[in-house]
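*Asks:* structure for this input, please:
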Amino acid sequence: MSASKVLIGCWLGLALLSVATVLLGSSGSTLLLGAAILLVALGKAWLITEGFMELRHAPRLWRLLLLAWPLLIAVVVLALMLRA
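*Replies:* Residues are numbered from 1 along each chain as shown. Okay, the predicted model is just below:
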(Lines give C-alpha, C1' and ligand atoms only; values in the text may rest on other atoms or scores of the structure.)
Protein backbone atom coordinates (compact mmCIF):
# COMPACT_ATOMS: atom_id res chain seq x y z
CA MET A 1 0.00 0.00 0.00
CA SER A 2 1.34 3.44 -0.84
CA ALA A 3 2.33 5.90 1.86
CA SER A 4 -0.43 8.34 0.94
CA LYS A 5 -3.10 5.64 1.32
CA VAL A 6 -1.71 4.72 4.73
CA LEU A 7 -1.77 8.35 5.85
CA ILE A 8 -5.32 8.84 4.58
CA GLY A 9 -6.40 5.67 6.39
CA CYS A 10 -4.75 6.88 9.59
CA TRP A 11 -6.37 10.29 9.23
CA LEU A 12 -9.81 8.72 8.76
CA GLY A 13 -9.23 6.45 11.74
CA LEU A 14 -8.18 9.38 13.92
CA ALA A 15 -11.23 11.37 12.81
CA LEU A 16 -13.57 8.49 13.66
CA LEU A 17 -11.91 7.91 17.01
CA SER A 18 -12.15 11.63 17.78
CA VAL A 19 -15.88 11.57 17.05
CA ALA A 20 -16.20 8.48 19.26
CA THR A 21 -14.41 10.33 22.07
CA VAL A 22 -16.81 13.26 21.83
CA LEU A 23 -19.85 10.98 21.77
CA LEU A 24 -18.61 8.97 24.75
CA GLY A 25 -17.71 12.11 26.66
CA SER A 26 -21.15 13.60 26.19
CA SER A 27 -22.93 10.39 27.22
CA GLY A 28 -22.38 10.85 30.92
CA SER A 29 -19.83 10.38 33.62
CA THR A 30 -19.26 6.82 34.76
CA LEU A 31 -16.17 4.75 35.36
CA LEU A 32 -17.01 2.54 32.37
CA LEU A 33 -17.33 5.53 30.04
CA GLY A 34 -14.07 6.95 31.36
CA ALA A 35 -12.34 3.65 30.67
CA ALA A 36 -13.85 3.56 27.17
CA ILE A 37 -12.56 7.08 26.46
CA LEU A 38 -9.09 6.06 27.64
CA LEU A 39 -9.24 2.98 25.42
CA VAL A 40 -10.10 5.18 22.43
CA ALA A 41 -7.20 7.46 23.36
CA LEU A 42 -4.86 4.46 23.37
CA GLY A 43 -6.14 3.54 19.92
CA LYS A 44 -5.37 7.05 18.73
CA ALA A 45 -1.87 6.87 20.21
CA TRP A 46 -1.31 3.58 18.37
CA LEU A 47 -2.49 5.08 15.07
CA ILE A 48 -0.23 8.08 15.49
CA THR A 49 2.88 6.03 16.32
CA GLU A 50 2.32 3.32 13.73
CA GLY A 51 0.91 5.47 10.95
CA PHE A 52 1.97 9.11 11.08
CA MET A 53 5.32 8.51 12.75
CA GLU A 54 5.81 5.46 10.51
CA LEU A 55 7.19 3.31 13.30
CA ARG A 56 5.54 0.14 12.00
CA HIS A 57 8.91 -0.69 10.41
CA ALA A 58 10.99 0.45 13.40
CA PRO A 59 12.54 -1.88 15.97
CA ARG A 60 10.04 -3.36 18.39
CA LEU A 61 11.65 -1.67 21.40
CA TRP A 62 11.03 1.83 20.02
CA ARG A 63 7.42 0.99 19.27
CA LEU A 64 6.88 -0.44 22.75
CA LEU A 65 8.50 2.55 24.41
CA LEU A 66 6.35 5.03 22.52
CA LEU A 67 3.17 3.10 23.29
CA ALA A 68 4.12 2.53 26.94
CA TRP A 69 3.79 6.23 27.74
CA PRO A 70 0.08 6.60 26.83
CA LEU A 71 -0.59 3.25 28.50
CA LEU A 72 1.09 4.46 31.70
CA ILE A 73 -0.92 7.68 31.63
CA ALA A 74 -4.15 5.71 31.11
CA VAL A 75 -3.36 3.48 34.08
CA VAL A 76 -2.61 6.50 36.28
CA VAL A 77 -5.85 8.21 35.24
CA LEU A 78 -7.87 5.05 35.90
CA ALA A 79 -6.22 4.68 39.30
CA LEU A 80 -7.11 8.27 40.16
CA MET A 81 -10.69 7.70 38.96
CA LEU A 82 -10.99 4.66 41.21
CA ARG A 83 -9.68 6.60 44.22
CA ALA A 84 -12.21 9.41 43.81
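
*Asks:* from now on I want contacts and neighbour counts done on CA atoms only, so please keep to that.
*Replies:* Fine.

*Asks:* show me where pLDDT drops low in this structure?
*Replies:* Applying pLDDT under 70 to the chain picks out residues 1.

*Asks:* need the strands for it, in chain order.
*Replies:* According to DSSP state E, the chain carries no segments that qualify as strands.

*Asks:* in it, which spans are helices?
*Replies:* Ranges of helices in the chain, per DSSP state H, are 3-25, 31-47, 60-83.

*Asks:* if you compare the ones you listed, which one is most tucked away?
*Replies:* helix 31-47 (a mean of 18; mean count of other Cα atoms under 10 Å).

*Asks:* ok, and what's touching that one?
*Replies:* Helix 31-47 is contacted from outside by 10, 13-14, 17, 20-21, 24-25, 27, 67, 70-71, 74, 78, 81-82, using Cα atoms under 8 Å, 6 or more residues apart in numbering.

*Asks:* roughly how far apart are residue 3 and residue 79?
*Replies:* Relative to residue 79, residue 3 is positioned 38 Å away (Cα to Cα, to the nearest Å).

*Asks:* and if you look at residue 45?
*Replies:* Distance of residue 45 to residue 79, given as Cα to Cα: 20 Å.

*Asks:* now swap in residue 22 and tell me
*Replies:* 22 Å.

*Asks:* what of residue 2?
*Replies:* 41 Å.

*Asks:* kindly report the same for residue 32.
*Replies:* Residue 32 is 13 Å from residue 79, where distance means Cα to Cα.

*Asks:* next: residue 18.
*Replies:* 23 Å.

*Asks:* ok, now residue 57?
*Replies:* 33 Å.
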